[in-house]
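K.L.:
Dropping the sequence and predicted coords here.
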Amino acid sequence: MKNMKYKTIHINTFVYLIAFSSVLFNCSTKKPIIQNPSFMHTKPIFADNDDSVEPNMIHAKVKISEVYKEPQEICGVRKIKVCQIEVTEVLKIGFGLHRGMHRGEKYKVSFTQKDFKIKKGDSLLIKIQELPCFGTDETSSFLVVNSQPI
């Protein structure tokens, strides 16, 4: 009888230990939600409602001064969806910029947006990234990550 009592205690302890381990294991194997930084955001981030600016990023108000129908070479690479913009106002600047943007200056930029329906004279609020140019005489190029009509 004495032996039976200890067996019951050991079995109960073993069952509790397995249950506790399985709970711990299930909690530890849950995959965490990871948000990888990327140039394309699933939800639009615009300069008027975003308090942070990532490195090499600029938030600005611009006017489209030219839309190129043919691919253009930027930073040694032929790009489609290229426009020339004139900066009307620089709103926010991230750190690490090589060239930056200045009010009143014109820049040739490429857009990442799929629904590229921009015409000459449009005013936009943009989020743009400055990228270094390697192996060319250009110091940097600009990639419009997000834009919103004003």
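P.N.:
Alright, I've got the coordinates. Numbering: from 1, shown residues only.
K.L.:
where does the protein have low pLDDT?
P.N.:
Applying pLDDT under 70 to the chain flags the ranges 1-17, 19-51.
K.L.:
and Lys106, how far is that from Phe142?
P.N.:
11 Å (CB to CB, to the nearest Å). The C-beta positions use only the backbone N, C-alpha and C, and glycine is treated the same way.
K.L.:
Surely Pro55 is in contact with Gln129?
P.N.:
No. Shown here, Pro55 and Gln129 do not form a contact pair, counting by CB atoms under 8 Å, at 9.2 Å.
K.L.:
With neighbour numbers in mind, choose between those two.
P.N.:
The residue with more neighbours, out of Pro55 and Gln129, is Gln129; 21 against 10, by other CB atoms under 10 Å.
K.L.:
list the contacts for the residue lying closest to the more buried one once chain neighbours are set aside?
P.N.:
Leaving aside its sequence neighbours, Gln129 sits nearest to Leu143 (CB to CB, 6 or more residues apart in numbering; 4.9 Å). Leu143 makes contact with 39, 109-112, 128-129, 131, according to CB atoms under 8 Å, 6 or more residues apart in numbering.
K.L.:
Partner strands of the helix or strand where Val144 lies, with direction?
P.N.:
Val144 belongs to strand 140-149 when assigned by DSSP states H and E. As defined by DSSP bridges, the strand partners of strand 140-149 come to strand 106-111 (parallel), strand 123-132 (antiparallel).
K.L.:
can you pull out the helices in this protein?
P.N.:
Using DSSP state H, the helices assigned to the chain run over residues 2-28.
K.L.:
Compute the number of surrounding residues for the closest residue to Val90 other than its chain neighbours.
P.N.:
Of all residues not flanking Val90 in the chain, Ala60 sits nearest, at 4.9 Å (CB to CB, 6+ apart). Per other CB under 10 Å, the neighbour tally for Ala60 reads 22.
K.L.:
switch to numbering from 43
P.N.:
Taking 43 as the first residue, the last one we looked at is Ala102.
K.L.:
quick one: Ala102 and Pro113, what's the gap?
P.N.:
Taken as CB to CB, the span from Ala102 to Pro113 is 24 Å.
K.L.:
buried ones in the strand holding Val186?
P.N.:
Neighbour-count burial for strand 182-191 flags 182-189 (criterion: 16 or more other CB atoms under 10 Å).
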